[in-house]
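# Sharing a model prediction with you, sequence too.
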Amino acid sequence: MSTTARVAEDVGNFLDERVGASKGVKFLFRKIFPDHWSFMLGEVALYSFIILLLTGVFLTFFYVPSVGRTTYDGVYTPLAGQTVSEAYASTLRLSFDVRGGMLMRQIHHWSALIFVAAITVHMFRVFFTGAFRKPRELNWVIGTILALLAIVEGFAGYSLPDDLLSGTGLRIASSIILAVPVVGSYLSFFTFGGQFPGEAFIPRLYTVHVLVLPGIFLALITAHLILLVVQKHTQYPGPGRTNQNVVGYPLYPVYTAKAGGFFFIVFGVTALMGALFTINPVWMYGSYDPSPVTAGSQPDWYMGWLDGAVRLTPGLFEFTALGFTFSFNIIIPAMIVPGLITMAMLFYPWIEQWATGDRREHHLLDRPRNAPTRTGLGVMSITFYLLLLISGGNDIIASQLHLSINDITNTLRLLGLVLPPVAFVVTKRICLGLQRKDREKVLHGRETGTIYRTETGEFFEVHAPMDDVSRWKLVGYEPIRPLEPLPAYDEHGVRRHGSRLDGLRRRISRFYFEDRVEPVTPAELDAAHEEHEALPAHEEEERGAVTASTSTPVGGD
């Protein structure tokens, strides 16, 4: 036995004898993970977070979280001799004087964008496939909180350089705080340590960015992974896959090797982006000065929708009463609407559970087409978000296309009211159409494109029967029907608990499940097989007739 193996054995025995490590390692290494590309979206988010931690530690060695004034004397000559903040000067020195500093800054920024994007797309996957259902409601809540904190963390990160662009974003945040009725000015004074911009905010923001939020992230991600390991992993329906098993590969050695390789792929792609694509060139903006008004400034994409919501809200919602100015044109889009969206996201698993009355555990995922209302709601939300994101750049669109900014804003207001419901209806109809297509394919087989003509001039297309694996994917789901009304009183004349909400519950249930396509039943499938088995004799006669005539197959692939 080699020295390395002997040391590893001694360490393993030491841990096993004192903390029982072998049981935990054995359980963890035997954990089965399904093999599907969509599960890698969560891994991208996790690996991006690791990259953020590694590059962030490097950046903290050189960044100075202070707005104290200093004279810049670095190598970037266009700003030489200018009075700037120490935060901005340290960012410039990190970019131009520190070896590898620019690369680290850009890797950090790109990985932050990838982190938020990966969380968002991962949650789309969870939502559209129904992976949030029991017993994973808590993981959905954790994911929602992580997504919101990622937005806040990203905003804090690109505000730290104290350049003109980030300062404009902080000015918008200050205006949102000031819009809070009655106590807005007090909240702003407390947050910024005085009148905006103040001298205490950058050090406070730095502490939140490098200490408070990363600690919360580590705790929530740890809880998320623990729940992932303890619970069964979700999987897509297929032969041999049930709610009682998981079909895939063990964590060790297969999945460990895959995950390790994928981490280096994510790291390599992020590093390549940081090396080749410039992002956030703070030296072009200059140090922040609250006196000028900057036009054309745009936040990162995950904050652009909030800016767009504020731009679309009419100013008529602002009024003065009792000596106070109530800026609901800011509060509604910047606080109330995001708050309502957040609450709907947090409680959605229980909302759908209440509508279905289904409290069973679900480990098999839905195909999005088999949940048309849920899929329609998701597409409607994405459409609304994209419209708000476009609205955040209405001034850029107006200047580049030489259009009226008022016309663009009014058009986007109209589209914001009309387009999301249209997207919901269209998506739902598409899902129902795909379900009908699946039902037809199961009963009659797939189209081959080969068309025959009989001697009587009749045309028909040959359908090939589906294999068992493909058929399973199309029929392996349970139909959900609207809830039936229950009696308000039991046999003893006592009013049933929750009966007052039965009307609302039935309406929501009908909204979800009234329009549906029933899956093929075994009886229908047997009847279709009997029908197809009765055709071969007639088919041979027709083929003979076709061969005898001058008309042979007129199409095929």
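Yep, that arrived. Numbers count the residues shown, from 1 in each chain.

# just the strands in the stretch 351-500 of the chain please.
If you assign secondary structure with DSSP state E, counting those that start in this stretch, the strands in the stretch 351-500 of the chain sit at 446-453, 459-464.

# For those, give me TSV that also has mean pLDDT.
Putting these into TSV (pLDDT from 0 to 100) gives the following:
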stretch	mean pLDDT
strand 446-453	79
strand 459-464	76
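
# so where do the helices sit in the stretch 1-150 of the chain?
Listed from the start of the chain, the stretch 1-150 of the chain has helices (DSSP state H, counting those that start in this stretch) covering 3-19, 21-29, 40-60, 86-96, 101-129, 137-159.

# CSV please, covering those and showing mean pLDDT.
Converted to CSV, the helices of the stretch 1-150 of the chain look like this (pLDDT from 0 to 100):
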stretch, mean pLDDT
helix 3-19, 71
helix 21-29, 70
helix 40-60, 94
helix 86-96, 93
helix 101-129, 94
helix 137-159, 93
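
# do you know which of those lies nearest Val418?
Judged by Cβ to Cβ, the one of the helices of the stretch 1-150 of the chain that comes nearest to Val418 is helix 101-129, at 23.2 Å. C-beta here means a position set from N, CA and C on the backbone, and glycine is covered the same way.

# any idea how far Ile114 is from Leu94?
Distance of Ile114 to Leu94, given as Cβ to Cβ, to the nearest Å: 21 Å.

# number of nearby residues for the residue lying closest to Gly248 once chain neighbours are set aside?
Spatial nearest neighbour of Gly248, chain neighbours left out: Pro34 (4.0 Å); criterion: Cβ to Cβ, 6 or more residues apart in numbering. Using other Cβ atoms under 10 Å, Pro34 has 18 other residues around it.

# Same question for the one 10 residues further on.
By the criterion of other Cβ under 10 Å, Val44 has 22 neighbours.

# So it is in contact with Ile119, correct?
No - contact criterion Cβ atoms under 8 Å: Val44 and Ile119 do not qualify, at 9.0 Å.

# Could I get the helices of the stretch 1-150 of the chain in a markdown table, plus columns for distance to Tyr72?
Supplementary listing: the helices of the stretch 1-150 of the chain in a markdown table, determined by distance: least, Cβ to Cβ, whole Å:
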| stretch | distance to Tyr72 |
| --- | --- |
| helix 3-19 | 52 |
| helix 21-29 | 52 |
| helix 40-60 | 19 |
| helix 86-96 | 5 |
| helix 101-129 | 16 |
| helix 137-159 | 20 |
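
# Pro281 is nearest to which of those helices?
For these, the distance to Pro281 is smallest for helix 86-96, at 8.6 Å, taking Cβ to Cβ.

# got the buried residues for stretch 227-240?
The neighbour-count criterion (16 or more other Cβ atoms under 10 Å) identifies Leu228, Lys232, His233, Thr234, Gln235, Tyr236, Pro237 as the buried residues of stretch 227-240.

# Phi and psi next, for the last one.
By that I understand Pro237. phi -60, psi 150 (degrees, to the nearest 10).

# Just want to check the distance between it and Leu365.
Plainly put, Pro237 is 7 Å away from Leu365 if you go by Cβ to Cβ.

# Same question for the first one.
Leu228 is 15 Å from Leu365, where distance means Cβ to Cβ.

# Also the second one?
With distances taken as Cβ to Cβ, Lys232 is found 12 Å from Leu365.

# For the strands of the stretch 351-500 of the chain, could you give me JSON lines that also reports mean neighbour count and distance to Ile151?
Below are the strands of the stretch 351-500 of the chain laid out as JSON lines (neighbours: other Cβ atoms under 10 Å; distance: least, Cβ to Cβ, whole Å):
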{"stretch": "strand 446-453", "mean neighbour count": "15", "distance to Ile151": "45"}
{"stretch": "strand 459-464", "mean neighbour count": "13", "distance to Ile151": "50"}
